[in-house]
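Peer 1: sharing a model prediction with you, sequence too.
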Amino acid sequence: MGNATQVITVKSSGSYATVTAWAKGTNGWKSVLSTTAGRVGSNGVVDGATRRQNTYTTPSGTYTLTEGFGVEAGGTNMPYTRLNSSHWWVEDPESKYYNSMHSASGADFPLTESGDRGSEHLIDHPTQYTKALVINFNRWPATPGRGAGIFLHVNGAGATAGCVSVPRATMDRIMGWIQPGAHPRIAIG
């Protein structure tokens, strides 16, 4: 886990998951909170090295968590963007902004959620994106087509399109607990 002293583990079974937050102290790793009501992609978890976009799968692997966003105030010390109607998560593989948040102003991607070049208009998903953390899968550099917009967010009505989700109360606790100086990571398996 490198220099991380906070880790969130995701143990999946189909599209369901147990999500546990861990903190490293002088006596090793200790569980801080856990839920068995987590969800992953409707097609489960697949190898992050070979995952493709639009497969409704969640990438396995260990990834950093460096920023958050949401419709509501984050209640977190992580860098956080409060969403408004101009915010998009770019999933258009032809865009230079692929797999990052960008505003509608100056967009080089279609402002639509449909089609092969569709992106995610974040404000249109107020339940899931009440509060969210960005899972840094396929970033810096991003490989078009491998997948974009993988987040830890609040549960919706069922499985996700590839993200990890948890109940709202769990997400609130995670947001208050997670610290940028702890170099947090998420381990998905």
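Peer 2: Yep, that arrived. Numbers count the residues shown, from 1 in each chain.
Peer 1: from H102, how far off is W177?
Peer 2: Counting by CB to CB, to the nearest Å, the gap from W177 to H102 is 29 Å. C-beta coordinates here come from the backbone N, C-alpha and C atoms, glycine included.
Peer 1: I meant H121, not that one.
Peer 2: With CB to CB as the criterion, H121 and H102 are 11 Å apart.
Peer 1: mutual contacts of these two, please.
Peer 2: 87-88 (CB atoms under 8 Å, 6 or more residues apart in numbering).
Peer 1: can you tell me the centre-most residue of this structure?
Peer 2: F151 (1.1 Å; CA atoms, centre = their mean).
Peer 1: test my guess that that residue contacts A132.
Peer 2: Yes - at 4.6 Å, F151 counts as touching A132 under the criterion of CB atoms under 8 Å.
Peer 1: quick one on the thing from earlier: identify the residues contacting the residue nearest to the centre of the chain.
Peer 2: Here F151 is in contact with 129, 132-135, 163-164 (criterion: CB under 8 Å, 6+ apart).
Peer 1: V45 now?
Peer 2: With contact taken as CB under 8 Å, 6+ apart, V45 is in contact with 10, 12, 57-60, 188-189.
Peer 1: ok, now with 7 Å
Peer 2: 12, 57-58, 60, 188-189 (CB atoms under 7 Å, 6 or more residues apart in numbering).
Peer 1: picking that back up, any chance of JSON lines for the contacts of F151, columns neighbour count and distance to A37?
Peer 2: Below are the contacts of F151 laid out as JSON lines (neighbours: other CB atoms under 10 Å; distance: CB to CB, whole Å):
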{"residue": "Y129", "neighbour count": "22", "distance to A37": "18"}
{"residue": "A132", "neighbour count": "27", "distance to A37": "17"}
{"residue": "L133", "neighbour count": "26", "distance to A37": "17"}
{"residue": "V134", "neighbour count": "25", "distance to A37": "22"}
{"residue": "I135", "neighbour count": "27", "distance to A37": "18"}
{"residue": "C163", "neighbour count": "20", "distance to A37": "15"}
{"residue": "V164", "neighbour count": "25", "distance to A37": "12"}
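Peer 1: which outside residues touch the top strand by length along the chain?
Peer 2: When the chain is scanned for its longest strand (criterion: DSSP state E), the result is strand 28-39. By CB under 7 Å, 6+ apart, the residues outside strand 28-39 that reach it are 10, 15-23, 155, 159-160, 164-167, 170, 173, 177.
Peer 1: in that strand, what's buried?
Peer 2: The neighbour-count check on strand 28-39 (16 or more other CB atoms under 10 Å) flags 33-35, 38-39 as buried.
Peer 1: what ranges do the helices span in the chain?
Peer 2: 168-177 (DSSP state H).
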